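Trainee: What would the 3D arrangement of this be:
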Amino acid sequence: MKNLKIQINISSELYSKNPDSSNLGRKIINKSIEMINEIGFESFTFKKLGAEINSPESSIYRYFNNKHTLLLYLTSWYWTWTEYQIVFVTSNVTCPFERLKRSIEILTRPVVEDTSVSFVNEVLLSEIIFSESIKGYHTKSVDEENKKGCFKAYKRVVQRVSDNVLEIKPDFRFPHMLISTVIEGAHHQKYFTEHLPALTDVSKEEDSITQFYTKLVLNFLPREKT
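Mentor: As a prediction, this is how the structure comes out:
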């Protein structure tokens, strides 16, 4: 996707002013990713962000009501971008098993920077997703935010890959549970690899996480025809 310029469209529920509509907005996104990755979401504030980008704190509030909505925006951006990748690598593939394998690879492999969107560092953003995104929906307001559509991007990714599972095995009862388990489990394994290695079996010599979850999913499905 290096030579493909893409437009990431995020639900208007997640911002007061579209940050992609101005240089300041793009700077807010770019620097907030760097700062949250460096100091953590709890320590991150709009006051600190304003100091880093030489902009009044009040200017940031024109884009986001608070740092929680900013985190939801970043999470939605990541999953919308992930969906683009899945569509890109599977669009001309006729074999459902191959489409599923490619989708799982996108969901579990290490993220590489995508030059099609210059103001977002996808590698740093993925680190935030692994370690911080759960804070976006483990809140008292999750049901209300879900009704507003704040988690649509994540649910679209799960639905797309779940549909692929059902294409292979139409009577499978747990497609959404399976795919959401793959996603969340892969994130945990990546985090464990960096911080709690005794909880994982990841090998630096091979893409163990992708191999594990590919086998896990395929074990639930009919054997691929050869």
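Trainee: Quick one: find the helix or strand in the protein with the lowest mean pLDDT.
Mentor: helix 134-137 (a mean of 84; mean pLDDT, DSSP states H and E).
Trainee: tell me which residues of it are tucked away?
Mentor: 136, 137 (16 or more other Cβ atoms under 10 Å). Every C-beta, even on glycine, is put in place using the N, C-alpha and C of the backbone.
Trainee: Determine the set of other helices and strands touching it.
Mentor: Packing contacts for helix 134-137, counted by 3 or more Cβ pairs under 8 Å, 6 or more residues apart in numbering; DSSP states H and E, involve helix 67-90.
Trainee: what's stretch 176-195 in contact with?
Mentor: Defining contact as Cβ atoms under 8 Å, 6 or more residues apart in numbering, one finds that stretch 176-195 is touched by 104, 107-108, 110, 129-131, 157-159, 161-162, 165, 172, 199-200, 202, 209, 212-213, 216-217, 220.
Trainee: In this protein, where is pLDDT below threshold?
Mentor: 1-6, 205, 224-226 (pLDDT under 70).
Trainee: which stretches of it form helices?
Mentor: Counting by DSSP state H, one finds helices in the chain at the ranges 23-39, 46-53, 57-61, 67-90, 96-108, 122-132, 134-137, 142-148, 152-168, 175-195, 208-218.
Trainee: PyMOL command for the buried members of the contacts of stretch 176-195?
Mentor: Those of these that count as buried under 16+ other Cβ under 10 Å are selected in PyMOL with:
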select buried, resi 104+107+108+129+130+131+157+158+161+162+165+200+202+209+212+213+217
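Trainee: Residue 175 is in contact with residue 165, correct?
Mentor: Yes. Using Cβ atoms under 8 Å, residue 165 is in contact with residue 175, at 4.3 Å.
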